[in-house]
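Colleague: Structure of the sequence below:
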Amino acid sequence: MDKKILLTGDRPTGRLHIGHFVGSLKNRVKLQNEGSYQNFIMIADMQALTDNARDPEKIKNSLFQVALDYLAVGIDPSKSTIFVQSQVPALNELTMIYLNLVSVSRLERNPTVKAEIKQKAFGQSVPAGFFIYPVSQAADITAFKASVVPVGEDQEPMIEQTREIVRSFNNIYQKDILVEPEGYFPEKGQGRIPGLDGNAKMSKSLNNCIYLSDSEEDIKKKVMSMYTDPEHIHVEDPGKVEGNTVFTYLDIFAEDKDHVAELKEQYRQGGLGDVKIKKYLNDVLQDVLRPIRERREAFEKDPKAVYEVLEQGSKAANLVAEKTLQEVRDAMGINYFK
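Modeller: Model (predicted):
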């Protein structure tokens, strides 16, 4: 039985945080180790440049950091092809071809793009590359004929836009070349982790993240500063569990669910202080992140080997994407000199 093809990735704009870990990295490692998938994992530097074109050094530095995070969480180059988007030229040409199949009004209706434009406060100065990045994502996915794409729930509109492009292309050119992908989403309740400040989304720009590479001391400081229940002033006061960021994290990361349930009940009744539950969360997160950090530090000692992984992965990815591009050209009748 043929393996399903999986494509996923991240923009290199800094280190990855625990939101990435829960939202998609865990699923990538899980699917990789199942052995039923052919995995392509992309560092999307071209997409990162859409709103960082004036600071390419930031992307260059972040690319290495993201590669370290991938390796540290358990993505294995012998099982997954890790590659750099800009090193696969076919993706750019596929993007250009697909742009002719998508209207401006359709891109404007994409809720993920609308939300990110608002978050970044572009106003009327949205970079064109940023505006069309759903089409670029469609090129990334279809170049590898990916049938499965592990993403957060907020990326479902991007997957749907890719499916629309696939259907349009195959219908117009009467060739079933491109594959419609399906999203592979996190378990219910683990799709999006709130920031340390209680903000609905953990984000580098909001400075409310715990990074996979954070030291033990950094993690402790961040946990002890976390948003809880602002009305829970005294230990004996009844507290709210709903919307309490510490309990949200415990629901996600703590293995002892019975103990978490006991803490919730005690907190609701009064008699449990925020410091105690934060100390417990700190212990939980330290156990989760310590092995990841240690593996990361080991890989960081040999940057040449890390770049070798990216170079070899990019060469392998380029062969696959180029084959798809030639099939697309053939279907369109624009391989003029064959």
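
Colleague: any low-confidence regions in this protein?
Modeller: Within the chain, the stretches with pLDDT under 70 are 1-2, 187-191.

Colleague: In the top helix by length along it, which residues are buried?
Modeller: Ranked by number of residues, the top helix in the chain under DSSP state H is helix 303-332. Using 16 or more other CB atoms under 10 Å as the test for burial, helix 303-332 gives 306, 309-310, 313-314, 317-318, 320-322, 324-325, 328-329, 331. All C-beta spots, glycine's among them, are computed from the backbone N, C-alpha and C.

Colleague: can you check stretch 209-229 too?
Modeller: Within stretch 209-229, the residues that count as buried by 16+ other CB under 10 Å are 209-214, 219-220, 222-223, 226-229.

Colleague: Which of those sits closest to Pro181?
Modeller: Leu212 (26.5 Å; CB to CB).

Colleague: The closest one contacts Ile18, correct?
Modeller: Yes. Contact status for Leu212 versus Ile18: in contact at 6.8 Å, counting by CB atoms under 8 Å.

Colleague: what residues are shared contacts of the two?
Modeller: Leu289 (CB atoms under 8 Å, 6 or more residues apart in numbering).

Colleague: related to what we said a few turns ago, quick one: list the elements packing against the longest helix of the chain.
Modeller: strand 37-43, helix 56-73, strand 80-84, helix 90-99, helix 133-143, helix 274-300 (3 or more CB pairs under 8 Å, 6 or more residues apart in numbering; DSSP states H and E).

Colleague: Let me know the distance separating the most far-flung residue of the chain relative to its centre from Gly271.
Modeller: The outermost residue of the chain relative to its centre, with distances by CA atoms, centre = their mean, is Glu236 at 40.5 Å. To Gly271, Glu236 is 6 Å away according to CB to CB, to the nearest Å.

Colleague: What of Ala254?
Modeller: 20 Å.

Colleague: More neighbours: which of these two?
Modeller: Using other CB atoms under 10 Å, the more surrounded residue of Ala254 and Gly271 is Ala254, with 20 against 12.

Colleague: which ones are touching the more buried one?
Modeller: So Ala254 contacts Val260, Tyr280, Leu281, Val284 (CB under 8 Å, 6+ apart).

Colleague: What's the local residue count around the first one?
Modeller: Read that as Val260. 20.

Colleague: just checking, it touches Tyr249?
Modeller: No. Val260 is beyond contact range of Tyr249, at 10.1 Å (criterion: CB under 8 Å).
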